[in-house]
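Participant: take this sequence and fold it.
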Amino acid sequence: MTKAATNGLAQARSLAPGLLLSAAVALASVLAAPLIKSATGGRILLPDMVIALIFGIALHRLAILARFQAGITCAVKTLLRHAIALLGLRIAFGDIAALGLGLAVLVVAVMATTLASAFLLARLFDREAGLGALAGAANAVCGASATLATATVVPDYRTRSADIAFTVVMANAVSTVVMLAYPPLCAWLGLTATETGIMLGLTIQDMAQVVGAAYAVSEPVGNTAVIVKLLRVMLLLPVVLAIGWYFMRRGEKTGEARVPVPMFAFVFILLALVNSILPSTGLAGVYHPVKAVLGEVSRWGLLIAIAALGLGTSVTQLLSIGWRHVVIFCGAGLVILVAGTGGILLLRST
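Facilitator: Below is the predicted model of the structure:
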């Protein structure tokens, strides 16, 4: 056996326990959804993604065992990105163009407002500007991924490491809460399917929770939400560079920006292009069956990633965080919610 094969086998063995546990939770959620509906006489309709998240959180004490960690991390990071990339097959460029220039302007304006508010809240509560940068980027762009990218340009200060860890935990926790809370809020506000997709894609921190919340409502809502969220992801590099420039203007030494290239976003766009062209060609007869299979692969990939996300969520850890940090992070989250809602209603009136 070659060295490459040996290394590959060793990696597969390290990932298998966590991936299998996540897959088992995902399968249990699919089986539980109709049982819950039947047991409640149809009064409670929990989507399988929501059930997977709840089951995962319930099993967190088991999931923290070392043998599960590599696989769970792989599911949340790598598997999730592959599954999201395949969602491009559900979307055509006509869907993207239909959202209009006004939406792009809205996304940029809401992101800038959220980032500025986090800096302001950090100053008001006498916390480091670095915390404001981390919390602002997490809320404005893409949760934990944006936090880690922003950490590369935040100056070194005494509590920097703790603030980074806090922000990553809060991004996951708050995203999980709003994943459950925002769809009913959209219904209460009387938003259309398109507006609901915009709202969820614009205001939820992490991509996993955007997908979980939006596709739990409907496929059209999910498609719109993913497009809007990807607009935010694409702006990660400009946001990190702007934060680094801000600290340099203050005369503080920063690190060199290291922003992960969102390749899954580019694959998503490529597959959306394929989906815009092939259905109207002679290859449509072959394309549609392949698209159906890949659609199921994407669905199960998302379910497994959501289950892994729940498995990695610790309620106890959140209770030990200082209240000022919580206020700063949640305050920025409230700003993006209010600004996003106001922007959507403004677009409706124009």
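Participant: contacts, neighbours, all on C-alpha from now
Facilitator: Will do.
Participant: the bottom helix or strand of this structure by mean pLDDT?
Facilitator: Using mean pLDDT, DSSP states H and E, the weakest-scoring helix or strand in the chain turns out to be helix 315-318, at a mean of 61.
Participant: hmm, who's touching stretch 50-58?
Facilitator: Contact partners of stretch 50-58, identified using Cα atoms under 8 Å, 6 or more residues apart in numbering, comprise 22, 25-26, 28-29, 32-33, 180, 212-213, 216, 303-304, 306-314.
Participant: show me the residues around residue 340 that make contact.
Facilitator: 106, 110, 199, 202, 203.
Participant: want to throw those into CSV with neighbour count?
Facilitator: Below are the contacts of residue 340 laid out as CSV (neighbours: other Cα atoms under 10 Å):
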residue, neighbour count
106, 19
110, 23
199, 29
202, 31
203, 32
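Participant: now, those residues that are in helices?
Facilitator: 106, 110, 199, 202, 203 (DSSP state H).
Participant: can I get those in JSON lines including distance to residue 56 and pLDDT?
Facilitator: Listed next are those as JSON lines, based on distance: Cα to Cα, whole Å; pLDDT from 0 to 100:
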{"residue": "106", "distance to residue 56": "35", "pLDDT": "92"}
{"residue": "110", "distance to residue 56": "32", "pLDDT": "95"}
{"residue": "199", "distance to residue 56": "26", "pLDDT": "94"}
{"residue": "202", "distance to residue 56": "25", "pLDDT": "94"}
{"residue": "203", "distance to residue 56": "23", "pLDDT": "94"}
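Participant: just name the closest of the residues you listed to residue 162, please.
Facilitator: Nearest to residue 162 out of these is residue 203 (Cα to Cα; 25.1 Å).
Participant: wait, the closest one sits on residue 332?
Facilitator: No. Residue 203 is beyond contact range of residue 332, at 10.5 Å (criterion: Cα atoms under 8 Å).
Participant: find the nearest non-adjacent residue to residue 212, please.
Facilitator: residue 49 (5.8 Å; Cα to Cα, 6 or more residues apart in numbering).
Participant: for the host helix or strand of that neighbour, what is the average pLDDT?
Facilitator: Secondary structure assigned from DSSP states H and E places residue 49 in helix 48-58. In this model, helix 48-58 has a mean pLDDT of 84.
Participant: other residues contacting stretch 174-183?
Facilitator: Defining contact as Cα under 8 Å, 6+ apart, one finds that stretch 174-183 is touched by 50, 196, 200, 204-206, 209-210, 212-214, 217, 330.
Participant: rerun at 10 Å
Facilitator: By Cα atoms under 10 Å, 6 or more residues apart in numbering, the surrounding residues in contact with stretch 174-183 are 50, 53-54, 139, 143, 169-170, 173, 185, 188-189, 191, 196-197, 199-200, 203-214, 216-217, 306, 309-310, 313, 329-330, 333, 337.
Participant: distance from the chain centre to that stretch, please.
Facilitator: Mean-position distance between stretch 174-183 and its chain equals 11 Å (Cα atoms, centre = their mean, to the nearest Å).
Participant: residue contacts, the residue most central in space within the chain?
Facilitator: The C-alpha lying nearest the average C-alpha coordinate of the chain belongs to residue 207 (Cα atoms, centre = their mean; 1.6 Å). By Cα under 10 Å, 6+ apart, the contact list for residue 207 reads 80-81, 84, 141-145, 175, 201, 213, 225-226, 229-230, 232-233.
Participant: now it: how far from residue 239?
Facilitator: To residue 239, residue 207 is 17 Å away according to Cα to Cα, to the nearest Å.
Participant: count of neighbours near residue 11?
Facilitator: Neighbourhood size, residue 11 [other Cα atoms under 10 Å]: 13.
Participant: same check, this time on the one 4 residues further on
Facilitator: By the measure other Cα under 10 Å, the count of residues near residue 15 is 20.
Participant: relative to helix 48-58, how tilted is the helix or strand hosting it?
Facilitator: Per DSSP H and E: residue 15 is located in helix 3-39. Angle of helix 3-39 versus helix 48-58, following axes from the mean of the first three to the mean of the last three Cα atoms, to 10 degrees, is 110 degrees.
Participant: how far off centre is helix 3-39?
Facilitator: For helix 3-39, the distance to the chain centre is 20 Å (Cα atoms, centre = their mean).
Participant: before we move on, back to that, just the contacts of residue 207: which are in helices?
Facilitator: Among the contacts of residue 207, DSSP H puts 80-81, 84, 143-145, 175, 201, 213, 225-226, 229-230, 232-233 in helices.
Participant: which of the residues you listed lies closest to residue 37?
Facilitator: Of all the ones in helices among the contacts of residue 207, residue 213 has the smallest distance to residue 37: 18.8 Å, by Cα to Cα.
Participant: thought the closest one was touching residue 186?
Facilitator: No. If you go by Cα atoms under 10 Å, residue 213 and residue 186 don't touch, sitting 11.2 Å apart.
Participant: the two: who's more crowded?
Facilitator: Comparing residue 213 with residue 186 by other Cα under 10 Å, the one with more neighbours is residue 213, at 29 against 18.
Participant: which SSE is immediately downstream of the least confident helix or strand of the chain?
Facilitator: Where DSSP H and E defines the elements, the next helix or strand beyond helix 315-318 is helix 323-349.
Participant: where does the stretch 201-350 of the chain have low pLDDT?
Facilitator: Under the criterion pLDDT under 70, the flagged ranges of the stretch 201-350 of the chain are 251-262, 315-321, 350.
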